[in-house]
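Visitor: A predicted structure for the sequence below; I have some questions about it.
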Amino acid sequence: MATTNGGDAAAPQAQPQGPSLNVLAQYVKDFSFENPNAPRSLMQQGQPPQISVQVNVNTTPMSNTDYEVELKLDGKAEVGGNTLFGFELVYGGVFRLQNIPQDNLPPLLMIECPRLLFPFAREIVANAVINGGFPPLLLDPIDFVSLFQQRVASLQAQQAGAQA
């Protein structure tokens, strides 16, 4: 049997693991659906509603490798100033990020993790709107890269203002 550097050549060598991102859990953290003018709002015909949706992402470290990521969706549909329905969803996930350089953590947590959560949150909203008596609201894909860039720019502006 051959040996190298005094060790057994047949013995497995410990290989450094590559970067990994794992989803440990996904869950509805908070959810609210309001249909304040039912059943009158269900009878309205005519002009399509004005729909507004706001998106926010928050992260919380749980350990050296585990992070909670919250995707918050707030939305409202209105016609002529009257609210048809409104919703607020906080959909969370716990992610394990291992062997990731520290500089790469914020983009992964603020872009890739919410991107993985979004299809599930979208389905929850669509089903709630249907159960509220309305046609499904199919949220458009969200540009999490742009949201992250806006957040970074805002933090940089705040830091520059604090230093001035």
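Guide: Thanks, I have it.

Visitor: rest of the way, CA atoms for contacts and neighbours
Guide: Noted.

Visitor: what ranges of the protein fall below the confidence cut-off?
Guide: 1-16, 44-45, 164 (pLDDT under 70).

Visitor: Helices of that one, start to end?
Guide: Using DSSP state H, the helices found in the chain span residues 40-43, 105-107, 113-131, 144-163.

Visitor: And the contacts of the second one?
Guide: When contacts are defined by Cα atoms under 8 Å, 6 or more residues apart in numbering, helix 105-107 is touched by residues residue 148.

Visitor: returning to what we had before: between the helices of the chain, which one is nearest to residue 92?
Guide: helix 113-131 (7.5 Å; Cα to Cα).

Visitor: just how off-centre is that closest one within its chain?
Guide: 10 Å (Cα atoms, centre = their mean, to the nearest Å).

Visitor: Skipping its backbone neighbours, what lies nearest the most centrally placed residue in the chain in space?
Guide: When Cα atoms, centre = their mean is applied to the chain, the residue found nearest the centroid is residue 114 (2.8 Å). Leaving aside its sequence neighbours, residue 114 sits nearest to residue 71 (Cα to Cα, 6 or more residues apart in numbering; 6.1 Å).

Visitor: ok, that neighbour to residue 31 distance?
Guide: 12 Å (Cα to Cα, to the nearest Å).

Visitor: How far away from the center of its chain is stretch 48-65?
Guide: Worked out by Cα atoms, centre = their mean, stretch 48-65 lies 5 Å from the chain centre.
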